[in-house]
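Engineer: need a 3D model of the following:
(one chain, ligands or ions: 2)
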Amino acid sequence: MGNPFYLQEVPVDAPFCNRRTELKELRAYAEGKANVVLFSPRRYGKTSLVKRIQKTLSNKGAVTLFADFFGVASVDDVASRLAKAVFVITHKKDPLWKSALRTMKSFRPVLKPDPSGGVSLSVEPSGAGKGGLELLEETMDSLREFVNTTKSLVHVALDEFQEIVTLKEALQVEGIMRTHIQQQQASYFFIGSRRRILLGIFNDRQRPFFQSAINYPLRLLPSEELAEFIAEQFKKNKGRCTEAMGRKLVSLTGFHPYYSQKLAFFAYELSKTVTEESINRAMDRLILSEKPVFEAILQGLSPHQRLLLRALAKEATTKLLASGYIQKHGLGSVGGVQHSSRQLEELDLIEKDEETGVWRPVDPILTIWLRMQSEEKLSQ
Ligand SMILES: Nc1ncnc2c1ncn2[C@@H]1O[C@H](COP(=O)(O)OP(=O)(O)OP(=O)(O)O)[C@@H](O)[C@H]1O
Ligand SMILES: [Mg+2]
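Structural biologist: Residues are numbered from 1 along each chain as shown. Ligands and ions are numbered 1, 2, ... in the order given. Here you go, the predicted structure:
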């Protein structure tokens, strides 16, 4: 029996913990043709959730487009990802495919056999010469025509939407997209984990998308249910995990959906019966497996940003700018802390808790790893 825990996006037919309210509410928004900004820290389950919603919508006859903007490199790239999403979902679905070929004028689909025996689809611009904002304009225009000629509901999910901000033409891209989306009878979900940047697009008066979508934060899963879910997966797969052990496991990851599944994955590999000892050993493995990711994160930061992140890992605080805190952690000037904290927030590495006002790192395992780095364990 294979390991039942998922480290990638959870497939739509795999066990999924809770999210009942979110599934219901978000589906209702989609059916009501509302636009939604769905945001949370990394790996809370946004993509898995949206894929599930799209599956339900699609079962009821909706056309569900999904475009991932992660690593988007140019305006042409934005346009091609949008066009590709249309061709991917309509492929082999006449008359939708014909309608896509007729309306999506700026790109044509290219189908090729792929090495695994299937078919892969990419797109190519159909006319030479056009590019950049003009190409995006034409693609959004085509998309509008596609949406408006499709009789059933069209739902569009744009994952990692905040990535468009990295383009130098970001404001124009926002302007073109907003104008065209406004004219469509469709529901758009804008999804992302760099919350400050994503929310900036929608909540800043000066920006084209200002107040054009419902803000929808995705919270952590209820801790009890997450513990039960983990214990249940062990039981269903010839393992044993008491509810107390399930609780212990999820509390070690700060009830984080992804890290809980990953910790459970390692625990299952080590022993089908979960014990305190197997959880602790699994935790070591989890931290070790994340090390390259954490090192890459630190490498991308300035020395002062690293210092501040480390300080917050050691000691979360409500008084980030107080001289006592700055002195204790050797953080230099108030101005320096303000600057670095803004940048760390934009990277979604630190956050201020809405209720308590406490500043802390966002990622619970990164926090543990940073603490471990400054506390060398001595051999006994
Ligand atoms: N409801 C859930 N039940 C069980 N596991 C979940 C659930 N939601 C998320 N997960 C776990 O979290 C992981 C991340 O899910 P997903 O990729 O959908 O998150 P995301 O928020 O889109 O992440 P990112 O911010 O990196 O794009 C999954 O691999 C799974 O292990
Ligand atoms: Mg995702």
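Engineer: enumerate the residues of the stretch 101-250 of the chain near ligand 1.
Structural biologist: Contacts of the stretch 101-250 of the chain with ligand 1, taken as CB under 6 Å from any ligand atom, map to Ser193, Leu221. C-beta: built from backbone N, CA, C; applies to glycine.
Engineer: residue of the stretch 101-250 of the chain nearest ligand 1, please.
Structural biologist: Ligand 1 sits closest to Ser193 of the stretch 101-250 of the chain, with a gap of 3.7 Å, by CB to the nearest ligand atom.
Engineer: once you drop chain neighbours, what's closest to that residue?
Structural biologist: Excluding the flanking residues, the one nearest Ser193 by CB to CB, 6 or more residues apart in numbering is Arg42, at 4.5 Å.
Engineer: so who does the one you found touch?
Structural biologist: For Arg42, the contacting residues are Ser193, Tyr258, Asp348, Val362, Asp363, by CB atoms under 8 Å, 6 or more residues apart in numbering.
Engineer: tell me which two in these are the farthest apart.
Structural biologist: Tyr258 and Asp348 (14.4 Å; CB to CB).
Engineer: could you pull out the strands for the stretch 151-300 of the chain?
Structural biologist: Taking DSSP state E, counting those that start in this stretch as the criterion, the stretch 151-300 of the chain contains strands spanning 154-159, 187-192, 214-217.
Engineer: now these in JSON lines, with mean pLDDT?
Structural biologist: Output for the strands of the stretch 151-300 of the chain, formatted as JSON lines (pLDDT from 0 to 100):
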{"stretch": "strand 154-159", "mean pLDDT": "98"}
{"stretch": "strand 187-192", "mean pLDDT": "98"}
{"stretch": "strand 214-217", "mean pLDDT": "97"}
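Engineer: looking at the ones you listed, which is nearest to Arg20?
Structural biologist: Nearest of the strands of the stretch 151-300 of the chain to Arg20, taken as CB to CB: strand 214-217 at 15.0 Å.
Engineer: partner strands of that closest one, with direction?
Structural biologist: Using DSSP bridges, strand 214-217 pairs in its sheet with strand 36-39 (parallel).
Engineer: and the contacts of the strand it pairs with?
Structural biologist: Contact with strand 36-39 is made by 26, 29-30, 46, 49-50, 187-193, 195, 198-199, 202, 213-218, as judged by CB under 8 Å, 6+ apart.
Engineer: how far does that strand sit from the chain's center?
Structural biologist: Offset of strand 36-39 from its chain centre (CA atoms, centre = their mean, to the nearest Å): 10 Å.
Engineer: is that strand anywhere near ligand 1?
Structural biologist: No - remark: strand 36-39 sits outside contact range of ligand 1, by CB under 6 Å from any ligand atom, the gap being at least 8.9 Å.
Engineer: show me what contacts the residue lying closest to Leu301 once chain neighbours are set aside?
Structural biologist: Leaving aside its chain neighbours, Leu301 sits nearest to Leu309 (6.9 Å; criterion: CB to CB, 6+ apart). Leu309 makes contacts with Leu298, Leu301, Leu344, Leu349, Ile350, Pro361, Leu370, as judged by CB under 8 Å, 6+ apart.
Engineer: for the stretch 201-350 of the chain, which segments are assigned as helices?
Structural biologist: 223-236, 243-252, 257-270, 276-299, 303-314, 323-328, 334-346 (DSSP state H, counting those that start in this stretch).
Engineer: with mean pLDDT and distance to Thr356 as added columns, please give the ones you listed in JSON lines.
Structural biologist: Below are those laid out as JSON lines (pLDDT from 0 to 100; distance: least, CB to CB, whole Å):
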{"stretch": "helix 223-236", "mean pLDDT": "96", "distance to Thr356": "18"}
{"stretch": "helix 243-252", "mean pLDDT": "96", "distance to Thr356": "19"}
{"stretch": "helix 257-270", "mean pLDDT": "97", "distance to Thr356": "22"}
{"stretch": "helix 276-299", "mean pLDDT": "97", "distance to Thr356": "25"}
{"stretch": "helix 303-314", "mean pLDDT": "97", "distance to Thr356": "14"}
{"stretch": "helix 323-328", "mean pLDDT": "97", "distance to Thr356": "16"}
{"stretch": "helix 334-346", "mean pLDDT": "97", "distance to Thr356": "16"}
